[in-house]
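Student: What follows is a protein structure lacking sequence information:
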């Protein structure tokens, strides 16, 4: 019973954190809500006995990647007002229609997975070593090696680009003075 309560609470916190991350205009607050969502997802993985994946979510994503995001945001001196009134805006009716559609889809998924006899079968299908170090490392360094390396190169390019943009902005401000 307690496991079910923890599951639903963590799932709600993860969803709420993700939604709040999207609707924030302040990028720093958005990153903090992403950390909240990742921590709730780590609890879900720990409940699935995937301790390694849960720890990776906290250590790698919340600890390293999001600190990198905060570093880039603060380096570029981004604020929420930079993101206002840019790009096409959806009408209010479109936003409500999409919200209703996504909520209906969410209800159907929950009904299909949580309230049927298939839920027990899906939980029983997980492997005994699910989320362990060996299966994750084997997949990461064999089947998914190129996407893994490509992600690291993209992060490196993003950091270098952010530093160059901040340096150009700083030199442009100094030339104006």
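Tutor: Perfect, I can see it now. As the structure is a computational prediction, the values presented were derived from the model and not from experiment. Residues are numbered from 1 along each chain as shown.
Student: if I pick the spatially most central residue of the chain, what's in contact with it?
Tutor: The centroid of the chain falls nearest to residue 34 when counting by C-alpha atoms, centre = their mean (5.6 Å). Counting by C-beta atoms under 8 Å, 6 or more residues apart in numbering, residue 34 touches 17, 18, 21, 66, 69. No exception for glycine: its C-beta is placed from N, CA and C like everyone else's.
Student: following the worst-scoring helix or strand of the chain on mean pLDDT, which helix or strand shows up next?
Tutor: Least confident helix or strand of the chain, by mean pLDDT, DSSP states H and E, is helix 118-124 with a mean of 58. Following helix 118-124 in sequence order, the next helix or strand is helix 133-138 (DSSP states H and E).
Student: all helices of the chain, in order?
Tutor: For the chain, the helices defined by DSSP state H occupy 2-23, 27-47, 51-56, 66-76, 92-114, 118-124, 133-138, 145-176.
Student: Chain neighbours aside, what residue packs nearest to residue 155?
Tutor: Taking C-beta to C-beta, 6 or more residues apart in numbering, and ignoring the residues beside it in sequence, residue 155 has residue 68 as its nearest neighbour in space, at 7.0 Å.
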